[in-house]
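In: return atomic coordinates for the entry below.
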Amino acid sequence: MELAAAKLLESATHRTLHAHAFSRSSTQASIVLTDLLSRYLALLAGTCAKYASHAGRTGVTVHDALGALGDLGVEMDELREYAATEGRELARYALWTARRVEDLGELK
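Out: Next up is the predicted model:
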């Protein structure tokens, strides 16, 4: 995986851990969770591409993504519920305050 992509995934992993009240993480746990996220996204992207290919298209549409998510066990109703509850709660962790940057620095 490209270094820049790995750093972005690592940052997303740290933000998610912090949002779920983890104040620290071992290096190994962080690496494993980041790798898991990377593999899941690769699987999702590959499944989307297969949906598009089976439909005779070279580009992916939202319908391909919904089908791929369904194959991976996530339905649209679940996504709506998540966005309305946990997703809304986790959105506050997207802000970059000085305290947040400090907390994320400690998590690494």
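In: low-confidence regions, this structure specifically.
Out: Within the chain, the stretches with pLDDT under 70 are 1, 93-108.
In: now the residue sitting nearest the centre point of it: which helix or strand?
Out: Most central in the chain under C-alpha atoms, centre = their mean is Leu37, positioned 6.2 Å from the mean C-alpha point. Remark: Leu37 resides in helix 27-54, with elements defined by DSSP states H and E.
In: following that helix, which helix or strand shows up next?
Out: Past helix 27-54, further along toward the C-terminus, the next helix or strand under DSSP H and E is helix 62-71.
In: got the angle between the next helix or strand after that next one and helix 62-71?
Out: Of the helices and strands lying after helix 62-71 in sequence (DSSP H and E), the nearest is helix 76-84. Taking axes from the mean of the first three to the mean of the last three C-alpha atoms, to 10 degrees, helix 76-84 and helix 62-71 form an angle of 90 degrees between their directions.
In: quick one: contacts of helix 76-84?
Out: The list of residues contacting helix 76-84 from outside it, by C-beta atoms under 8 Å, 6 or more residues apart in numbering, reads 66, 69. Every C-beta, even on glycine, is put in place using the N, C-alpha and C of the backbone.
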